[in-house]
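Trainee: The following block contains a protein sequence and its predicted model.
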Amino acid sequence: MGPRHRKDHEEFQNIQILPTIDEIQSDHTEYLPRSNSSTWHKPGVQGLLDRHFRLLREDTVGQLRDAAKVELNNMQNVPMQNLPARLRGARTYAYHNVTLASAEFEENKGLQCVLAFDQPPAVKGQDEARRSQWWMESKRLAPESLVVLRGSSGLAIFLTVATPTLFTRPKKSQIGPIEERFSRWKHPDYAHVVVHLVNTAGNGIEDMLSRFRQASARASSGVTFSLLEFPGVLLPAFDYTLKALQHMSVQSDFPFAELLITPVDQQGAMVIDPPAYAKREGFRFDLSAITLDKQTLHLDPQNLPSAADVCDNTHLDTAQAGAVIASLSRSLALIQGPPGMARATLELRS
């Protein structure tokens, strides 16, 4: 295992949640843990957290990375047939010829930017009533929607759509609040959206503003920007979970850690100790309530009977007897079986 791009790390807690431009432009396949445990690069609880983080991130953030890569290739006129098949089916909405219309600072939300872009072909040139109806019914660029600003010169900044009413104090030189000055349907050729950066750490704000300034000052440079929307993708749906896994990796212990990673015996079964109360010297479970004719039968967690022995003295079948033995002799046991059925199987895996 080794770095595939500058933002790749062996320690998963150092990996940014959202993909960077290096990750988007990388031609290397992301490292993903396989089912073969011999290929895992970390053992124990840290390895378990690492695998969950990387697999969940790929399931959620991976689609954003692939979609951004497709859009970048489109902007750079790379033929679609040259792209891997997995990249061609990304579901996105793209908005082109993006420019920076305004940038204002809001006391609670920080820097808020207004981006202008071409009206989608479906409404470009239509009257305002039809444009308004289309935008409202399509539910595009709704508040909290996740978007990425892409630049043909190599830019990828993730943004979320803000609520326009956050701008409540217009400058004296401006008439009306920002929702009256900018909207998605007011202009027949251009739409506007208010956004703010997902990650304000680092130099993301400066980078975005400087790229727009450079493109505006050098119109002949050919640098273009597009906005890519991921319909139905909300950042809180996965961001908090991934960050929680990173936080857990820093902590020395967390609940049930000893049960999530346990040793196995020669038969491959997980070794789980009895509950604390069952470890007392001389402790035994009284199974008389389930025996034939209320015969005396005890279960010693330190010296377990076989399932056949329990079957001989009870009405239980082999599967049920095994489930009873496992549930009484382990601090955690999972019994699997359809509700109401007599048979059950027991299995516990990490």
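Mentor: Everything's here; your move. Numbering: from 1, shown residues only.
Trainee: what secondary structure does the residue lying farthest from the centre of the chain sit in?
Mentor: Most distant from the centre of the chain: residue 293, at 56.2 Å, with distances by Cα atoms, centre = their mean. Secondary structure of residue 293, reduced to three states by DSSP: H, G, I helix; E, B strand; the rest coil: helix.
Trainee: Tell me how far it lies from residue 312.
Mentor: Using Cβ to Cβ, to the nearest Å, one gets 13 Å for the distance from residue 293 to residue 312. Any C-beta I mention is one placed from the backbone N, CA and C, and that applies to glycine too.
Trainee: all helices for the stretch 151-300 of the chain, in order.
Mentor: With DSSP state H, counting those that start in this stretch as the definition, the stretch 151-300 of the chain shows helices at residue ranges 178-181, 204-217, 239-250, 257-260.
Trainee: which stretch in those helices is the model least sure about?
Mentor: The stretch with the lowest average pLDDT out of the helices of the stretch 151-300 of the chain is helix 178-181, scoring a mean of 59.
Trainee: Can you give the contact residues for stretch 203-216?
Mentor: With Cβ atoms under 8 Å, 6 or more residues apart in numbering as the test, stretch 203-216 has contacts from 99-100, 103, 111, 113, 149, 151, 153, 155, 157, 197, 221, 223-225.
Trainee: The helix or strand where residue 116 lies versus helix 204-217: what angle between them?
Mentor: Assessed by DSSP states H and E, residue 116 sits inside strand 110-118. Relative orientation of strand 110-118 with respect to helix 204-217: 40 degrees, computed using axes from the mean of the first three to the mean of the last three Cα atoms, to 10 degrees.
Trainee: mean confidence for the helix or strand following strand 110-118?
Mentor: Taking DSSP H and E as the definition, the helix or strand that follows strand 110-118 towards the C-terminus is helix 128-138. Within the predicted structure, the mean pLDDT of helix 128-138 is 93.
Trainee: Can you point out the buried residues in helix 128-138?
Mentor: For helix 128-138, the neighbour count (16 or more other Cβ atoms under 10 Å) marks 131-132, 134-135 as buried.
Trainee: Just give me how far that helix sits from the chain centre.
Mentor: 32 Å (Cα atoms, centre = their mean, to the nearest Å).
Trainee: For it, which outside residues touch it?
Mentor: Helix 128-138 has contacts (Cβ under 8 Å, 6+ apart) with 119, 122-123, 126, 141, 184-186, 188, 191.
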